[in-house]
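Trainee: with the sequence up front, the predicted model follows.
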Amino acid sequence: MKELKILLVLLLLGMKAALAQTADAILGNWLNEEKDARIQIYKSGAAYFGKIVWLKTPNEADGTPKIDKKNSSAALRTRPIMNLVILTKFNFDDGEWTAGEIYDPKSGKTYSSNMKLKGDKLEIRGYVGISLFGRTTVWTRAM
């Protein structure tokens, strides 16, 4: 009976470690669906975030760095797109990253968001209100 309890404790600890590895599986660099930006997903505390670390076209036609000119907040319209945090506050829950937000610098809008990892693809669902009313984009792990 004692051996069974020890085995059960070891199994539970192993499951917890496996779950932690699964939670961190999204860490690293991802190419957006259009392949014109690379986003680095990182962890801060228990939450997951993502920032733009590469742009296919980082500068405007006049050579100046691209800025967040479509942001709804006038105070944020001069911040650079490079290193802009676009994924915020995702939590890992039951195999998904949930309750986060995604910011789209191309439209200047922020959406509620959930993410699912499927192999080397990351499905990101952005929505307003409920997930039914939204759009999914698929990112590919960058090599």
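Mentor: Happy to help now that I have it. Numbers count the residues shown, from 1 in each chain.

Trainee: pLDDT on the host helix or strand of residue 89, on average?
Mentor: Secondary structure from DSSP states H and E places residue 89 in strand 85-93. The average pLDDT within strand 85-93 is 97.

Trainee: quick one, the helix or strand following it and strand 85-93 angle?
Mentor: Following strand 85-93 in sequence order, the next helix or strand is strand 96-104 (DSSP H and E). Interaxial angle of strand 96-104 relative to strand 85-93 (axes from the mean of the first three to the mean of the last three C-alpha atoms, to 10 degrees): 170 degrees.

Trainee: tell me what strand 96-104 is packed against?
Mentor: Judged by 3 or more C-beta pairs under 8 Å, 6 or more residues apart in numbering; DSSP states H and E, strand 96-104 is in contact with strand 47-55, strand 85-93, strand 109-118, strand 121-127. Where you see a C-beta, it was placed from the backbone N, CA and C, and this is true even at glycine.

Trainee: can you add distance to residue 30 and mean neighbour count and give those back as TSV?
Mentor: As requested, the helices and strands packed on strand 96-104 are exported to TSV (distance: least, C-beta to C-beta, whole Å; neighbours: other C-beta atoms under 10 Å):
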stretch	distance to residue 30	mean neighbour count
strand 47-55	8	18
strand 85-93	10	18
strand 109-118	10	17
strand 121-127	6	19
